[in-house]
Structures are given as C-alpha cells and as structure tokens.
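with the input below, show me the fold.
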Amino acid sequence: PEREGGPTPMAQQIRGLLRTHPGCLLAVEVGYKYKCFGEGAAAAARALGLGTWKDGQLGDTCTFPVGRLAVHVRRLVARGHKVAVARQTDTAARKAAGLTASGKSGTFARAVDRIYTKATLLGDIGEELGGAAAGDEHEGEKDEETAWLVAAAAGADGAMGLAAVDLRGGVLAAATGDAAATAAFL
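Numbering: from 1, shown residues only. As a prediction, this is how the structure comes out:
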C-alpha cells in the first residue's frame, strides 16, 4: 500500500533503479548492508538461503552485510542471475557537511556501477569487489574454469586462421593453416 503523501524519496530512488535495470537482480547499498527488493529479493533469498520480509512500499526485501557482497554476487551469478550493484555515491561526511545534492537530511545518492553476469564475471570477483569475506566457502580455492574467446578467419585459398584467448587465465593461442590443421588446433 502507498503511504499518505506518496512514496519516500528512497522508495522513489529504488523504483527508478529497478525501472532502469530490467532483468537484473538489484543489490542496493544502504548503509552497511545491501538490500534486494521485490522479485529480486525473493530470488536472492532462495539462492542465498536468506529470509525476506515485506517492505510497505517496495514489497519483498532481503539484506546481507556489505562485506559479503563478493560471496553473494558470485553465488547469484553462478545460479544464472544478472546482478546490478547500486552503491551509495554520497558519503556520510559530505552529507553531514551539507555538500550533497540532497543536503544534510535527504536520501543518499545511489547509482548502479557494476552489472555482473556469467559472461562478465571474469577472474576473481573478490579482487574486483574488494576481497573475499571471511567464511566464503570458495576462499583459497583456485578457480579452474576457463573463458575462451575465439576468432576465426577463412582466406580465399582455403587457409584458415584462429586466435583464442582465455579471458580468465590470460592464455593466448593462435594458429594458421589449412582447414584440417586449424581443426586439429581446436
């Protein structure tokens, strides 16, 4: 149900982020935790083993600590979710000094600064997201998966060229020759 006087500025902000990132499970930084809302909250709760509750303006909600972002994004992406991470772009110090667009008492500004999918989640997410959190069951394990990007070109004379790079491991390979030789390369 809508509250008298309409949605709060934060609810308006979250709805705007959800509207501009359709198809994404949105994780929004709110203080020292991340919150997921609506259908994304229910999906995140199922995937992460978290509980949900109803927010009067935004529907289902679930939360997890900021320090668990790397762990939870990795789990959500592994389960096929496209995860948009919205971070606070204001700081408490700037807000206290009245140096933000909303002044001292308004809502913290937030913006999506990363979207993670299986195709874009390369390398160690812990490095990109600020390190793995304590208790991560993957901590200390080496990721053995590869993510090859391959390009092929055929010449008019029947020659072929292939170039491949493992985006996770940084391995680069190339081959040229006839079709049989390049097929053997694969």
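
how about the nearest residue to the residue nearest in space to the middle of the chain, chain neighbours excluded?
Central residue of the chain (CA atoms, centre = their mean): residue 116, 3.2 Å from the mean position. With sequence-adjacent residues excluded and distances taken as CB to CB, 6 or more residues apart in numbering, residue 116 is closest to residue 83, at 4.6 Å. Just so you know, the C-beta spots here come from the backbone N, C-alpha and C atoms, and that holds for glycine as well.

just to revisit the earlier point, which ones are touching the residue nearest to the centre of the chain?
Taking CB atoms under 8 Å, 6 or more residues apart in numbering as the criterion, residue 116 is in contact with 73, 76-77, 82-83, 85, 125.

farthest pair in the residues you listed?
Across these, no pair lies farther apart than 82 and 125, at 14.3 Å, counting by CB to CB.

if I look at residue 86, how far off is residue 38?
The gap separating residue 86 from residue 38 is 14 Å, by CB to CB, to the nearest Å.

which one of those two has more residues nearby?
Set side by side, residue 86 and residue 38 show more neighbours around residue 86, with 23 against 17, by other CB atoms under 10 Å.

is that one in a bridge, and if so with what?
Beta bridges link residue 86 to residue 28, residue 112 when assigned by DSSP bridges.

ok, now which ones touch it?
By CB under 8 Å, 6+ apart, the neighbours of residue 86 are 17, 26-29, 110-113.

and for residue 25?
Contacts of residue 25 (CB under 8 Å, 6+ apart): 36, 40, 43-44, 76, 81-84.

thinking again about what came up before, kindly indicate the member of the contacts of residue 86 with the most neighbours.
That'd be residue 27 among the contacts of residue 86, by other CB under 10 Å, with 29 neighbours.

next, count neighbours for the nearest residue to that residue once chain neighbours are set aside.
Counting by CB to CB, 6+ apart, residue 34 is the residue found nearest to residue 27 once chain neighbours are left out, at 4.4 Å. Residue 34 is flanked by 23 other residues according to other CB under 10 Å.

what's the first helix or strand after the helix or strand hosting residue 34?
For residue 34, the element it lies in under DSSP states H and E is strand 33-37. Sequence-wise, the next helix or strand downstream of strand 33-37 (DSSP H and E) is helix 38-48.

output the lowest mean pLDDT helix or strand found in this structure.
Lowest by mean pLDDT, DSSP states H and E among the helices and strands of the chain is helix 125-128, with a mean of 50.

those strands in this structure, which residues are they?
Applying DSSP state E to the chain gives strands spanning 25-30, 33-37, 53-55, 59-65, 83-88, 110-116, 148-154, 159-166, 172-178.

so which of those strands comes closest to residue 104?
strand 83-88 (15.3 Å).
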